[in-house]
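Novice: Fold the following, please.
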Amino acid sequence: MIFGTSRRLRQVPSTPPDVLVAGAHVKFSDTVKLLGVTLDSALTFDKHITNVTRCCHYHIRALRHIRPLLTLDTAKTIAASIVGSRLDYCNSLLYGVSQANMDRLQRVQYVLARVVAQAPSTISSADIRRDLHWLPINHRISYKLSLLTWKALYTAEPSYLSELVSPNVPARTLRSCNTYLLSIPTGVTSHFSSRSFSVSTPSTLNSLPEHIRSMD
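Specialist: Numbering: from 1, shown residues only. So this is what the prediction gives:
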């Protein structure tokens, strides 16, 4: 595959030549599935989110059939383990995706919440989600990124992530020196590059209150 911004990809021939590996011609692909995540050339994750929503709706329909036989706590457990786990799987990769894709995932969570609560259509889906104590999709992504960053900082594991984050050290003594801020790389000029781990995680963690950033 060839990954890049939309502008860069337009400069690539529509049918790039095959790659010769050990005498075999390997063709280029528009998408590739890696560890359950479907990657596209521009990293829009459109197809991945389509696959996730399709799978979630399948299990939500099954849950709807048996919901009258379940208690609320059992329904919440099944929903979290079968559908919620799919919404959360590798969701840190979805930082910075389009609002349209984020809305598609959020609608899945709203449908799931309505099935679990067996709520009438007159009640807001957002209110049902709050009553179930479920974070919205965009906050679940921020939570995952913050958790990965915190572990990388305080345990230095995994090393390939910990070396990408570092505390902010101002050139002179400022009030922000002891506020547990992370250094944000400079020179980031595109939305594509701003979604990288070294840029997205400091931005996410720095947006949290200081008493959370300073937790040991």
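Novice: quick one, what contacts residue 152?
Specialist: Taking CB atoms under 8 Å, 6 or more residues apart in numbering, we find residue 152 in contact with 158, 161, 162, 164, 165, 201. (Glycine included, C-beta is placed from N, CA and C.)
Novice: Give me the buried entries from these.
Specialist: Buried by 16 or more other CB atoms under 10 Å: 161, 162, 164, 165, 201, out of the contacts of residue 152.
Novice: Which pair of those residues spans the longest distance?
Specialist: Using CB to CB, the buried ones among the contacts of residue 152 reach their maximum pairwise distance at 162 and 201, which is 10.9 Å.
Novice: Find me the pLDDT at residue 195, would you?
Specialist: Residue 195 is assigned 86 on the pLDDT scale.
Novice: ok, and the closest non-adjacent residue to it?
Specialist: Once flanking residues are discounted, residue 195 sits nearest to residue 96: 3.9 Å by CB to CB, 6 or more residues apart in numbering.
Novice: Test my guess that the one you found contacts residue 191.
Specialist: Yes - in this structure residue 96 lies within contact range of residue 191 using CB atoms under 8 Å: 6.6 Å.
Novice: Compare these two and say which is more crowded by neighbours.
Specialist: Taking neighbours as other CB atoms under 10 Å, residue 96 and residue 191 compare with residue 96 leading, 17 against 9.
Novice: Identify the residues contacting that one.
Specialist: 191, 194, 195, 200.
Novice: Doesn't the residue nearest to residue 195 lie inside a helix?
Specialist: No - Residue 96 is assigned coil when assessed by DSSP: H, G, I helix; E, B strand; the rest coil, not a helix.
Novice: now it: how far from residue 151?
Specialist: 21 Å (CB to CB, to the nearest Å).
Novice: Give me the distance between the spatially most central residue of the chain and residue 122.
Specialist: Central residue of the chain (CA atoms, centre = their mean): residue 91, 2.6 Å from the mean position. Applying CB to CB, the value for residue 91 to residue 122 is 31 Å.
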